[in-house]
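> have a look at this prediction, sequence included:
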Amino acid sequence: MHLSEITHPNQLHGLSLRQLEDIARQIREKHLQTIAATGGHLGPGLGVVELTIALYQTLDLDRDKVLWDVGHQAYPHKLLTGRYNDFHTLRQKNGVAGYLKRCESKFDHFGAGHASTSISAGLGMALARDAKGEDFKVVSIIGDGALTGGMALEAINHAGHLPNTNIMVILNDNEMSISPNVGAISRYLNKVRLSEPVQFIADNLEEQLKHLPFFGDSLTPEMERVKEGMKRLAVPKVGAVIEELGFKYFGPIDGHNIPELIATFKQAHKVHGPVFVHVATVKGKGYEWAEKDQVGYHAQNPFNLATGKPIPSSKPKPPAYSKVFGHTLTKLAENDPRIIGITAAMATGTGLDKFQAKLPKQYIDVGIAEQHAVTLAGGLACEGMRPVVTIYSTFLQRAFDQIIHDICIQNLPVFFCMDRAGIVGADGPTHQGMYDIAYLRCIPNMTIMAPKDEAELQRMVVTGINHTSGPIAMRYPRGNGLGVPLMEEGWEALPIGKGEILRSGDDVLLLGYGTMVNTSLQVAEILSEHGIEATVVNARFVKPLDTELIFPLAQRLGKVVTLEEGCLMGGFGSAVLEALQDANILVPVKRFGVPDKLVDHAKPEESFADLGLTSPQIAEQVLAAFFSQKQTAKVG
């Protein structure tokens, strides 16, 4: 059978082992060919091919529900659920999403882009099933990296309290999240991997005892306890812990052995109550380059499938913002042992990998535990350290209460550095960094800034380190800088709450924030071609706003435009409107940013065009809003 013929996962039923292994080979080929051409997440999906096939061979997917934790490990799932013919559109505009998406397929039972959600959602579905008197299986698949997230442990704690609720949790244990895993849980799992498989004792002990002449076909309650005690001695430590939490434990089993997987899943399906199946897999399985470099090949830009090397760009690009950030912070920390870089399982993505290599004693990776990262930073700040919490904008959302309760209420000097702020492209709605301006601006004691380019980012890193009177946050985008000259050292801090005028004009005020400052300058150039001269301000800070600069300009020019790469509701433009209103400066204001909608996966430039945020589109709207009569007169 060819993979393209599979439009429903139930078609795996009845296939021979040879046929299933051939399907596995085809999945890897299609997966590799697609990611090599388009870019995307590579290693996670390659590691779960056999797991997916074996699980689906034991389920009725017309009824049963499977929840994948973090959708980028679900590419084989997508290929087995009717998306083969469209798979070449992966992560492209209007194409197959890179994560799970309920509206994309009836087999995507729960959307997932952030980690540690699958057990909670699966338990909710299982409880709803029982309440309605229905009968179907619920399986939650979670990686060992995601298991470091507190939410997953909370869900395990809850599920283990429900001995009559049937739910299966499959641990996809590959020793990795994006970066290598950290912490006590990871250490436990490593011990299990190094132990000889002894689950057979649990399976065979009762049968062996029955052959003794004084036991017969049944065991007394006393011998049941003996059996359980012996089993606990035999099952590896993590299994004993899981069983103490109320789960029946199976494993660890070979995640690339289809017969063993099928046999184990079939056995686990028969168990009443919560079941935990521990599956050991290899991230990047079947592709040599991905197996050797599991961090680098977690996700890839387009690459040469034969060599594993990236396809070179046609022209050199400026350094990425994250690289500039990591380099600058490392330089500062070399001379200041109080600086502590903190990440949540994203060393490479945030640019802290170089910091870790150079200053390991000043580096902390907490795993996928953003809440813990923030409060940990609060404790460090209490003792005079300079913690720098470096987390993607979208992931910092998970620690909103900690930012308020543990940092801002106590006014602790923690420096938040939000990578991937704004439009991120192919990862789609779960990863867009749209809300950090709005969700931080409303909290007392918080200072918030954004650089116009990578050189200003360097100065803002110094500003954040030097700011000791309370918490401060900096947002910066995904991707490369503008190519402005950088300094190796000697950076100066910026005055808090002060912007700068980049261009002067007498017709309209353009207030740009962060990445949209450069766009503001481009808009001003286009307006100038139409006889409209704009004053352009780099706001730098959204809180506090530079009202000493903005108010006189707004009053004199009488027309204000705000530009930001984030949600309009509660964002930078809202801050300007509120400040003008409170000062009784009643001038017309036109805001540009992301409206009240989710931004789907696409190339960033495609998203900007769809949102009307390209320079020509903004200039056209400014002309229509403020200068239509003048333009009409000119045309006439």
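It's in. Numbering: from 1, shown residues only.
> tell me which stretches of the stretch 501-636 of the chain form helices.
516-529, 547-557, 572-582, 604-610, 615-626, 628-635 (DSSP state H, counting those that start in this stretch).
> right, and the ones you listed - which one's nearest Gly351?
The minimum distance between Gly351 and the helices of the stretch 501-636 of the chain falls on helix 604-610, with 19.0 Å, by Cβ to Cβ. (Glycine included, C-beta is placed from N, CA and C.)
> verify the stated contact: Lys406 with Val374.
In this structure residue 406 is Asp, not Lys. Yes - under the criterion of Cβ atoms under 8 Å, Asp406 makes contact with Val374 at 6.4 Å.
> please identify which of these two sits among more neighbours.
Remark: of Asp406 and Val374, Val374 carries more neighbours, 29 against 20, as counted by other Cβ atoms under 10 Å.
> pull out the buried positions in stretch 111-124.
Within stretch 111-124, the residues that count as buried by 16 or more other Cβ atoms under 10 Å are 111-123.
> among the residues you listed, which ones are in strands?
Applying DSSP state E to these, no entry is found in strands.
> which two in these are spaced the farthest apart?
The most widely separated members of those are Gly113 and Leu123, with 19.7 Å between them, by Cβ to Cβ.
> need the winner for burial among the helices of the stretch 501-636 of the chain.
Of all the helices of the stretch 501-636 of the chain, helix 516-529 has the most neighbours on average by mean count of other Cβ atoms under 10 Å, namely a mean of 21.
> and what about Leu171, helix, strand or coil?
strand (DSSP: H, G, I helix; E, B strand; the rest coil).
> from Pro76, how far off is it?
From Leu171 across to Pro76, the span is 17 Å (Cβ to Cβ, to the nearest Å).
> low pLDDT regions in the stretch 301-450 of the chain?
Along the stretch 301-450 of the chain, no part satisfies pLDDT under 70.
> the nearest residue to Gln555 once chain neighbours are set aside: what's it in contact with?
Computed as Cβ to Cβ, 6 or more residues apart in numbering, the closest residue to Gln555 that is not its neighbour in sequence is Ile585, at 5.8 Å. By Cβ atoms under 8 Å, 6 or more residues apart in numbering, Ile585 lies in contact with 551, 554-555.
> what's the answer for Val599, then?
Counted by Cβ under 8 Å, 6+ apart, Val599 has contacts 423, 428-429, 432, 434, 607, 611.
> what about 7 Å?
For Val599, the contact set (Cβ atoms under 7 Å, 6 or more residues apart in numbering) comprises 423, 429, 432, 434, 607.
> how close does Ala280 sit to Asp254?
6 Å.
> and the longest helix anywhere in the chain, which residues are buried?
Criterion DSSP state H: the longest helix present in the chain is helix 17-38. Of all the residues in helix 17-38, those buried under the rule 16+ other Cβ under 10 Å are 20, 23-24, 26-28, 30-32, 34-36, 38.
> still on that earlier bit, Gly349: which of the contacts of Val599 is nearest?
Among the contacts of Val599, and counting by Cβ to Cβ, the member closest to Gly349 is Gln432, at 15.3 Å.
> what's the spacing between that closest one and Lys317?
According to Cβ to Cβ, Gln432 stands 22 Å off from Lys317.
> which one's more surrounded, the two?
A count of neighbours by other Cβ under 10 Å puts Gln432 above the other of Gln432 and Lys317, at 26 against 11.
> which ones are touching that one?
Gln432 neighbours (Cβ under 7 Å, 6+ apart): 394, 423-424, 599.
> also Ile526?
615-616, 619.
> thought Asn174 was touching Thr281?
Yes - contact criterion Cβ atoms under 7 Å: Asn174 and Thr281 qualify, at 4.7 Å.
> anything in contact with each of these two?
In terms of Cβ under 7 Å, 6+ apart, Asn174 and Thr281 are both contacted by the residues Gly47.
> which residues in the stretch 251-400 of the chain form helices?
Going by DSSP H, counting those that start in this stretch, the stretch 251-400 of the chain shows helices at 258-269, 288-292, 321-334, 347-350, 353-358, 370-382, 393-396, 400-402.
> distance between the first one and the chain's centre?
What that stands for is helix 258-269. 31 Å (Cα atoms, centre = their mean, to the nearest Å).
> next one: the fifth one
What separates the centre of helix 353-358 from the centre of its chain is 21 Å, taken as Cα atoms, centre = their mean.
> using CSV, write down the CA coordinates of it.
Below are the C-alpha coordinates for helix 353-358, written out as CSV (Å, rounded to 0.1, in the frame of the first residue of the first chain):
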residue,chain,number,x,y,z
ASP,A,353,23.7,28.9,23.9
LYS,A,354,26.8,31.0,23.5
PHE,A,355,26.2,32.5,27.0
GLN,A,356,25.9,28.9,28.4
ALA,A,357,29.1,27.8,26.7
LYS,A,358,31.1,30.8,27.9
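> what would the contacts of Gln432 look like in TSV with distance to His158?
Output for the contacts of Gln432, formatted as TSV (distance: Cβ to Cβ, whole Å):
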residue	distance to His158
Thr394	26
Ile423	36
Val424	32
Val599	33
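> which stretch among the helices of the stretch 501-636 of the chain comes nearest Ala263?
When the helices of the stretch 501-636 of the chain are compared by Cβ to Cβ, helix 604-610 sits nearest Ala263, at 46.6 Å.
> and that closest one, average pLDDT?
Here helix 604-610 scores 95 as its mean pLDDT.
> many thanks, have a good one.
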